[in-house]
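In: my questions are about this predicted structure, shown below with the sequence.
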Amino acid sequence: MTVFAFIGFGEAGGLLAEGLVGAGAKVTAAYDILIDNPAKAPALIAKAGKIGVSAAKSARDAIQGAELIIAAVTCSDSPAAAESVAMAIAPGQTYLDINSTSPMVKQQNAKIIEAAGGAYVDIAVMDLVPPHGHKVPMLLAGKTAASVVPLLTQYGMNAEAIGEAVGAASTIKMVRSVFLKGFSAILIESLVAASKVGAHEKVLDSLQVTFPQIDWREMADYYATRLIKHAKRQASEMHEVSDTLEFLGMEPFTAMATAMRLEWVADLNLQDSAEVPTDCASFLRAVNA
């Protein structure tokens with residue numbers, strides 16, 4: 001039985017851990033910086049305890065005895081997470097970096113982990129974790145990526161090794177995000193602008209005619225409500241995308257515009273409003289209030 005530990009226990013980490021436990025894996029512990037927040041620690045402890053996972057007080061405590069350490073933190077916290085694990089990682093332990101960062105950050109994280117004696121694998125999560133859970137498609141890159149794949153797939157994970165070069169998986173994720181995050185930002189921008197003149201329903205009607213295979217009202221509801229919770233994180237990711245494009249020799253015009261629109265959504269603070277929007281229509285009403 002493969003033993004897992006988690007660094008970061010937010011939406012992605014929690015769902016992956018839950019799926020692994022359900023598939024018969026042993027997940028011993030998870031560490032999240034929220035454990036140091038008196039207001040949020042009880043919910044974190046309860047969330048971990050519900051699936052039989054210990055909420056560790058530190059990264060050092062979390063990784064004791066684990067073979068695979070899954071790092072699932074925000075992209076801005078990725079270097080700090082690698083540093084915290086490097087202080088305690090031992091030979092035979094592998095750090096699986098699933099964070100949405102540029103290939104340059106992944107390469108730096110790899111140096112930190114490998115210098116401390118651990119193995120490092122760059123992992124790109126290639127779809128939304130919900131609703132896939134631990135079966136979400138993943139690409140793996142690194143010296144030990146090929147040997148890690150069977151340790152994951154035995155528990156139903158959808159993992160594919162694509163090579164030994166750290167950053168190869170992350171690069172694919174970053175360039176994919178140009179389209180996917182850009183799509184959500186463009187859709188929201190279009191609908192908010194249309195709502196200023198009462199035309200958002202007409203825009204959706206027109207999109208439905210042009211692309212009839214997509215349910216555009218369902219799509220609008222999905223992105224409007226998801227971005228209320230995730231726009232800040234996604235905006236941060238788009239800055240990583242921009243860095244990647246510049247590294248590849250491209251001006252990141254679209255990526256930076258997407259980051260700006262997502263930051264605009266985040267700054268609305270709708271998640272903290274008295275009535276959190278539950279669909280696109282209520283989102284637009286809140287924006288125009």
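Out: Nice, I can see it. Residues are numbered from 1 along each chain as shown.

In: show me where the stretch 51-200 of the chain has helices.
Out: Counting by DSSP state H, counting those that start in this stretch, the segments of the stretch 51-200 of the chain that form helices are 59-63, 78-86, 103-115, 129-132, 145-153, 168-195, 200-210.

In: so which of these is nearest Gly8?
Out: With respect to Gly8, and counting by Cβ to Cβ, the nearest of the helices of the stretch 51-200 of the chain is helix 78-86 at 6.7 Å. C-beta here means a position set from N, CA and C on the backbone, and glycine is covered the same way.

In: give me the mean pLDDT for that closest one.
Out: For helix 78-86, mean pLDDT is 96.

In: same thing with stretch 97-114?
Out: Per-region confidence: stretch 97-114 scores 97 on mean pLDDT.

In: one step back: which of the helices of the stretch 51-200 of the chain sits closest to Leu20?
Out: Judged by Cβ to Cβ, the one of the helices of the stretch 51-200 of the chain that comes nearest to Leu20 is helix 145-153, at 9.0 Å.

In: in the closest one, what counts as buried?
Out: For helix 145-153, the neighbour count (16 or more other Cβ atoms under 10 Å) marks Ala145, Ala146, Val148, Val149, Leu151, Leu152 as buried.

In: swap in stretch 186-206?
Out: For stretch 186-206, a neighbour-count test (16+ other Cβ under 10 Å) marks Leu187, Ile188, Glu189, Leu191, Val192, Ala194, Ser195, His200, Val203, Leu204 as buried.

In: and those, which two are the farthest apart?
Out: Of all pairs drawn from these, the one with the longest distance (Cβ to Cβ) is Glu189 and Leu204, at 14.1 Å.

In: to the chain's geometric centre, what's the distance from the lengthiest helix in the chain?
Out: With secondary structure taken from DSSP state H, the chain has its longest helix at helix 216-247. Here helix 216-247 is found 11 Å from its chain centre; the criterion is Cα atoms, centre = their mean, to the nearest Å.
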